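Asker: Need a 3D model of the following:
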Amino acid sequence: MSPSENYGATDGRRLVRHLTGNGRYIFSTEEAHAAARKLGIRNNYESVLMTSLVQGGWLQRLRRGLYGIADVSIHPFAIATRLVEPSAISHWSALNHHGFTEQIPQSIFAMSPGKVVTPSMRSHSSRRPAERHAWRIGSIRYQYISVKREYFFGIEPVWISEHFRIPMTDKERTVLETILRKEKP
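Answerer: This next block holds a predicted model:
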């Protein structure tokens, strides 16, 4: 191993330790750059370092500019609320979380006050005609429902694991959304 590879591995481990030590198990490129500056990692080296960390299995690329720590079990709800910001877990996913249904949704549902453009919208993929556009990471499908900004309310922070606190529709809003929209689980 050459000295430069050793240097990169050391910086990579320091960066990952710093991020996780500050509760960043999912983070953006900007957050990684800020952490690298605090650690004194040379400027413009972070992008190369991030690529090396993904290739080395330390990080998982969730989407362009968003990464997760590979050896940490990241709850799908945490991924969903970071893929699109702002967003909140809603509809069937929130119904299941609140105990209103035992039916496990095939997708993770979230709502967002903005227009959501998924990779499947950009590509000419061979998705089923009746299937809504969604993000797919591994075997999990993330589906977003757009709402007007003034309808983005009834959201509470919920701890879903020791590391992740995410926005989710409260029980009343969850029932209301389910009645208003007939999304399939």
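Asker: Once you drop chain neighbours, what's closest to the residue nearest the centre of the chain?
Answerer: With distances taken as Cα atoms, centre = their mean, Ile79 lies nearest the centre of the chain, 2.3 Å away. Excluding its sequence neighbours, the residue lying closest to Ile79 (Cβ to Cβ, 6 or more residues apart in numbering) is Leu62, at 6.1 Å. All C-beta spots, glycine's among them, are computed from the backbone N, C-alpha and C.
Asker: is it true that that neighbour touches Ile137?
Answerer: Yes. Taking contacts as Cβ atoms under 8 Å, Leu62 lies within contact range of Ile137: 6.0 Å.
Asker: Common neighbours of those two, please.
Answerer: Counting by Cβ atoms under 8 Å, 6 or more residues apart in numbering, the contacts common to Leu62 and Ile137 are Ile79.
Asker: The residue nearest to Ile79 belongs to a strand, doesn't it?
Answerer: Yes. Using DSSP: H, G, I helix; E, B strand; the rest coil, the secondary structure at Leu62 is a strand.
Asker: Can you name the residues that contact it?
Answerer: Per Cβ under 8 Å, 6+ apart, neighbours of Leu62: Ile26, Gly68, Ile79, Arg82, Leu83, Ile137.
Asker: any low-confidence regions in the protein?
Answerer: Across the chain, the ranges flagged by pLDDT under 70 are 1-8, 124-131, 182-185.
Asker: mind giving me the domain split of it?
Answerer: Using automatic domain parsing, the domain ranges for the chain come out as 3-69, 76-180.
Asker: How far does the first one sit from its chain's centre?
Answerer: Averaged C-alpha coordinates place domain 3-69 at 17 Å from its chain's average position (Cα atoms, centre = their mean, to the nearest Å).
Asker: where along the chain do the strands fall?
Answerer: 26-28, 59-63, 66-69, 88-89, 107-112, 135-137, 140-146, 155-159, 165-169 (DSSP state E).
Asker: any chance of these in JSON lines, plus distance to Leu176?
Answerer: Below are the strands of the chain laid out as JSON lines (distance: least, Cβ to Cβ, whole Å):
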{"stretch": "strand 26-28", "distance to Leu176": "29"}
{"stretch": "strand 59-63", "distance to Leu176": "30"}
{"stretch": "strand 66-69", "distance to Leu176": "30"}
{"stretch": "strand 88-89", "distance to Leu176": "13"}
{"stretch": "strand 107-112", "distance to Leu176": "12"}
{"stretch": "strand 135-137", "distance to Leu176": "25"}
{"stretch": "strand 140-146", "distance to Leu176": "13"}
{"stretch": "strand 155-159", "distance to Leu176": "12"}
{"stretch": "strand 165-169", "distance to Leu176": "8"}
